Structure formats: C-alpha cells, structure tokens
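how would this look folded up:
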Amino acid sequence: MATTFKNKLASGLGTSPTTVVTTSGSANTTVIGLSMTNTTAGIIQASIRLNDTVNSVSAYFINNVTIPPNTSLRVVTGGEKLILGYSTQVIVTANTASSIDLVMSWVEIS
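So this is what the prediction gives:
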C-alpha cells in the first residue's frame, strides 16, 4: 500500500460554495489538519459541507460557525481525524465574500 501526504491551500473563499478538495475514488482518505482563517476586520460565519458523490448524500461538518476578525479556527487538530469516503467533496462557504483562507492536510492510502 502506498501512503501519500497531501495538502491544499485556498484563499479568498466566501459566499459562493467552493469545492476545495475531492477525495480519490480509489484511496482511503484521512484529514489530519484543517484550519480556516477569517482574513477580514469583521466577524464572519463559515460552514464546511461534505458531499458524498458516490451515495448522493451531503452533510455539514460545521455549519455557520462564528470566526472573529483576523482569527483562525482549527477545525481538525492534534489527535482528531476526519475519515472521508471515496469521491467525497469538501465544500466551504461563508457569509462574507473573500473572507476565508483554508489550509487542509490529509493522508491517502491506496
């Protein structure tokens, strides 16, 4: 089995739902770190929705979480992990345009 560490950087996310990552259709995926930073001077609300494209189901991982100005929210940290199924999309939205920077790290085992 091959183990591959990956990461994604995304900036300026906002009111349009943005798919930041779609997991592989043939590898097990474990998110080992995920943070969102409010890059504005105002309070924002942010959401992360997971969309399972194989089973056509979606659910919020976090929904309308308040992030103070110029502050980071660690969504997945330390010993916590998030296991994602095959072909799962990670979708980010906020209530303010161009307000979020995202850093996500994960491991794929195939």
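
name the element the residue positioned nearest the centre of the chain belongs to?
Geometric centre of the chain, nearest residue: Val90, 5.1 Å, by C-alpha atoms, centre = their mean. Assessed by DSSP states H and E, Val90 sits inside strand 88-94.

what ranges does the chain have for its strands?
For the chain, the strands defined by DSSP state E cover 3-13, 18-22, 28-38, 44-52, 57-67, 72-76, 82-84, 88-94, 100-109.

partner strands of the fourth one, with direction?
I take that to be strand 44-52. Strand 44-52 sits in its sheet next to strand 57-67 (antiparallel), strand 88-94 (antiparallel), going by DSSP bridges.

what is the rounded mean pLDDT of it?
For strand 44-52, mean pLDDT rounds to 98.

who's in contact with stretch 92-101?
Residues from elsewhere that reach stretch 92-101, judged by C-beta atoms under 8 Å, 6 or more residues apart in numbering: 9-18, 20, 36-40, 42, 44-49, 64, 67, 102. Heads up, the C-betas are built off the backbone N, CA and C, glycines and all.

out of the residues you listed, which end up buried?
Neighbour-count burial (16 or more other C-beta atoms under 10 Å) is assigned, among these, to 10, 13-14, 18, 20, 36-40, 44-49, 67, 102.

on that earlier part again, most tightly surrounded among the strands of the chain?
strand 88-94 (a mean of 22; mean count of other C-beta atoms under 10 Å).

also compute the angle for that strand relative to strand 18-22, please.
Between strand 88-94 and strand 18-22, the angle comes out at 150 degrees (axes from the mean of the first three to the mean of the last three C-alpha atoms, to 10 degrees).

excluding chain neighbours, give the residue nearest to Pro68 in space.
Distances taken as C-beta to C-beta, 6 or more residues apart in numbering put Ile43 closest to Pro68, at 5.8 Å, once the chain neighbours are dropped.
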